[in-house]
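Visitor: quick one, what's the 3D model for this:
(one chain, ligands or ions: 1)
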Amino acid sequence: METETRTFEALLYAGAEILKNAGIEEARLDAWLLLEYLTGKNRAWYFAHRDEKASGSLASEYEKLVKKRAAHIPLQYIVHQVFFMGCEFYVDENVLIPRQDTETLVEEALKLLEDVKRPGILDLCTGSGCILLSILAARKDAWGTGTDIMENALKVAEENGRRLSLADRAFWVQSDTFSADIFQEKNGNIPVKYDILISNPPYIPAGEIDGLKEEVRLHEPRTALDGGEDGLDFYREITPSAAGYLKPGGWLLYEIGWNQGRAVSELLRDCGYQKVKVIQDLSGLDRVVLGQHACP
Ligand code: GLN
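Guide: Next comes the predicted model:
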């Protein structure tokens, strides 16, 4: 890309060409979003100033960003921004990029919590913290704990809690599911019981990861994707112990892969959960399994 005295329009055009040639699906849109990120200007500004010359330094900064995207680094990791449930989240390569599909899981949780006062939420494999934090943003009386095995992921979750002014109601614990001390009944510790245990655990069968698109396969954390041989490892690990962290009548909710509804609901039923239900996302695919911890 030539960088000297080019108009914004020429810059955008050249960026889109580079992305298109690199096989980026939404080349023009991404080229625009990178320009918007760099300049902080919106579309209205662009249309009024498209013939204006961009400075050489801006052009070379833009070129750097375009090259990153051309290398199939997900756009969200370059601009460090994702919107989820109407909240803005910071993301980087330490965390899975929050998906719109996961909003189905959060919406189900919010419905179940409608009549619960000051609900406590436990979010396992929290990643960016998007699930726990969007529940806390929607419910001003809620509080919760988010766990992740990766310390660097927890740093991102914590940063998001601060940015969203939810830090005083969100607690972060490094834990491989229930391995942390706070979940053990020993040395006088009695684990806290929550109204909801929610998780979008890694659920992709290990053998399918290499078939995913480059953005996911090479740039999103493998630990956030890999659910073992059949993708169900985390459901098998979490479900039998979950009741120990739920109040009677509390709910266990999972995000699942489109073909895991039957297997995961069977797991819940086998562990004594009631009212087990599979819920579809906006595309009509099975996306959530939930069940209630038996009332006394
Ligand atoms: N809970 C986070 C999300 O839904 C991270 C999930 C994960 O790392 N598997 O985006």
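
Visitor: residue 278 reaches residue 260, doesn't it?
Guide: No: contact criterion C-beta atoms under 8 Å: residue 278 and residue 260 do not qualify, at 9.3 Å. No exception for glycine: its C-beta is placed from N, CA and C like everyone else's.

Visitor: on the three-state scheme, the residue of the stretch 101-250 of the chain found nearest the ligand is what?
Guide: In the stretch 101-250 of the chain, the residue that lies nearest the ligand is residue 127 (2.6 Å; C-beta to the nearest ligand atom). Under the three-state scheme (DSSP: H, G, I helix; E, B strand; the rest coil), residue 127 adopts coil.

Visitor: that older thread, identify the contacts common to residue 278 and residue 260.
Guide: 286, 289 (C-beta atoms under 8 Å, 6 or more residues apart in numbering).

Visitor: more crowded one of these two?
Guide: residue 260 (23 against 15; other C-beta atoms under 10 Å).

Visitor: for the more buried one, phi and psi?
Guide: Main-chain dihedrals, residue 260, degrees, to the nearest 10: phi -110, psi 0.

Visitor: contacts only, for residue 206.
Guide: Counted by C-beta under 8 Å, 6+ apart, residue 206 has contacts 226, 227, 228, 229, 231.

Visitor: contact residues of this structure facing the ligand?
Guide: Contact residues, the chain versus the ligand (C-beta under 6 Å from any ligand atom): 96, 98, 102, 125-128, 130-131, 200-202, 224.

Visitor: hmm, back to that, show the buried residues in the contacts of residue 206.
Guide: 226, 227, 228, 231 (16 or more other C-beta atoms under 10 Å).

Visitor: grab the most central residue of the protein for me.
Guide: Taking C-alpha atoms, centre = their mean as the criterion, residue 98 is the residue nearest the geometric centre of the chain, at 2.6 Å.

Visitor: where does this protein have low pLDDT?
Guide: 1-4, 296 (pLDDT under 70).

Visitor: now the helices for it?
Guide: Using DSSP state H, the helices of the chain run over 8-21, 27-39, 43-49, 56-70, 75-79, 102-112, 130-138, 151-163, 214, 233-242, 261-270.

Visitor: so what's the gap between stretch 185-201 and the chain middle?
Guide: The chain centroid and the centroid of stretch 185-201 are separated by 21 Å, computed with C-alpha atoms, centre = their mean, to the nearest Å.

Visitor: so which bits of that stretch are buried?
Guide: 191, 193, 194, 195, 196, 197, 198, 199, 200, 201.

Visitor: export these to CSV and tack on distance to residue 178?
Guide: Formatted as CSV, the buried residues of stretch 185-201 follow (distance: C-beta to C-beta, whole Å):
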residue, distance to residue 178
191, 8
193, 13
194, 12
195, 17
196, 16
197, 10
198, 14
199, 11
200, 17
201, 13
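
Visitor: now, those residues that are in strands?
Guide: Under the assignment DSSP state E, the buried residues of stretch 185-201 contribute 194, 195, 196, 197, 198, 199 to strands.

Visitor: which one of those sits closest to residue 87?
Guide: Proximity of those to residue 87, judged by C-beta to C-beta, is greatest for residue 198, which lies at 16.1 Å.

Visitor: the closest one against residue 104, yeah?
Guide: No: between residue 198 and residue 104 there is no contact under C-beta under 8 Å: 11.9 Å.

Visitor: single out the most deeply packed of the helices of the chain.
Guide: For those, the largest average neighbour count (mean count of other C-beta atoms under 10 Å) is found in helix 130-138, namely a mean of 26.

Visitor: what comes into contact with that helix?
Guide: Contacts for helix 130-138 (C-beta under 8 Å, 6+ apart): 82, 84-87, 89, 98, 102, 105-106, 109-110, 113, 121, 123, 126, 142-146, 157, 160-161, 164, 166, 169-170, 198-200.

Visitor: again, but for stretch 149-164
Guide: Here stretch 149-164 makes contact (C-beta under 8 Å, 6+ apart) with 87-92, 94-95, 125-130, 132-133, 136-137, 146, 148, 167, 170, 172-176, 221, 223-224.

Visitor: also stretch 215-224?
Guide: Contacts of stretch 215-224 (C-beta under 8 Å, 6+ apart): 72-74, 77, 93-97, 125, 127, 149-150, 153, 202, 209-211, 225.
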